[in-house]
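In: okay, here's the prediction I keep looking at, along with the sequence it came from:
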Amino acid sequence: MSDLFWLSEAQMERLEPFFPRSRGRPRVDDRRVLSGVIFINRNGLRWRDAPAAYGPAKTLYNRWVRRSRLGVLARILTELAAEGRERDTLMIDATHLKAHRTASSLRGKKGGGGRLIGRSKGGLNSKLHTLTDGRGRPIDMVLTSGQTSDYIGARVLLRSLPTARTLLADRGYDANWFRKALTERHIQPCIPSRKCRKVPIPHDPSLYRQRHRIENAFARLKDWRRIATRYDRCPDLFLSACALAAIVMFWL
């Protein structure tokens, strides 16, 4: 039995409406190319190490770059999640993703800021801010440098926040402006108070215990080796890899 990954026909039927139309000569088989891209990202391989069954490595890489920069993967994640997400509850959190030396080795802004790579206690890393539904399935993602506050990711994700009854977050998101923004959207925050609050704000502890699902989602995303360790210098390509993993594991 082959160890290679292949998307099923049913999965391709769901993805094909999002692919750009080919112009001129018919393009190489989408199923073969996308299956190869998934194999590379899941196993943490270099593009040149792609198995021959997926075709030329240059074809895989070029197709991946074009679609990433067109925002195809982000659009697929957003629209599939809009169709199938659990509607009552949202969760928000962030996780650090370690950057490999090759991701920040070329000349650029000091500290790798242009690549969204920063330095924290864990060394060079990026931070993936993620919004999920009540089952821990990613709905939206934002990438920042590793030292960026959770508040920054929360402000960006607020722009596309879908309707829901409750949002779960840890005490790192306990800020008056964030609670107010949720209330204005008719979303009840379930966020433990920071220890420095003089008057703690109550929350539902039994509901809050469901927040482990977003932590589990991060653990599953990091099973893909090119996500657990960032090798991509370009942040748009790396964020597309995160979106691709979320699509394959949670929405197909």
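Out: Everything's here; your move.
In: now do the strands in the stretch 1-150 of the chain.
Out: 89-99, 118-120, 123-133, 138-145 (DSSP state E, counting those that start in this stretch).
In: rank these by pLDDT, which is bottom?
Out: For the strands of the stretch 1-150 of the chain, mean pLDDT drops lowest on strand 118-120, to a mean of 83.
In: give the pairing partners of that strand; include direction for each.
Out: strand 123-133 (antiparallel) (DSSP bridges).
In: for residue 57, find the nearest of the strands of the stretch 1-150 of the chain.
Out: Among the strands of the stretch 1-150 of the chain, the nearest to residue 57 by CB to CB is strand 89-99 (23.0 Å). Every C-beta, even on glycine, is put in place using the N, C-alpha and C of the backbone.
In: picking up where we left off before, and the strands of the stretch 1-150 of the chain as a markdown table, adding distance to residue 49 and mean neighbour count?
Out: What follows is the strands of the stretch 1-150 of the chain, written out as a markdown table (distance: least, CB to CB, whole Å; neighbours: other CB atoms under 10 Å):
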| stretch | distance to residue 49 | mean neighbour count |
| --- | --- | --- |
| strand 89-99 | 20 | 23 |
| strand 118-120 | 29 | 16 |
| strand 123-133 | 23 | 23 |
| strand 138-145 | 25 | 23 |
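In: any idea which of the ones you listed gets closest to residue 72?
Out: strand 138-145 (14.4 Å).
In: so what touches that closest one?
Out: 74, 77-78, 81-82, 85, 90, 111-113, 116-118, 126-133, 152-153, 156-157, 160, 162, 217, 221, 235, 238-239, 242-243, 246, 250 (CB atoms under 8 Å, 6 or more residues apart in numbering).
In: quick one: it to strand 89-99, angle?
Out: 40 degrees (axes from the mean of the first three to the mean of the last three CA atoms, to 10 degrees).
In: now strand 138-145 - C-alpha only, CSV.
Out: What follows is strand 138-145, C-alpha atoms only, in CSV (Å, rounded to 0.1, in the frame of the first residue of the first chain):
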residue,chain,number,x,y,z
PRO,A,138,-10.7,27.0,12.6
ILE,A,139,-12.8,29.7,11.0
ASP,A,140,-10.2,32.5,10.5
MET,A,141,-6.4,32.9,11.0
VAL,A,142,-4.0,35.8,11.4
LEU,A,143,-0.2,35.6,11.5
THR,A,144,2.0,38.0,13.4
SER,A,145,5.6,38.0,14.8
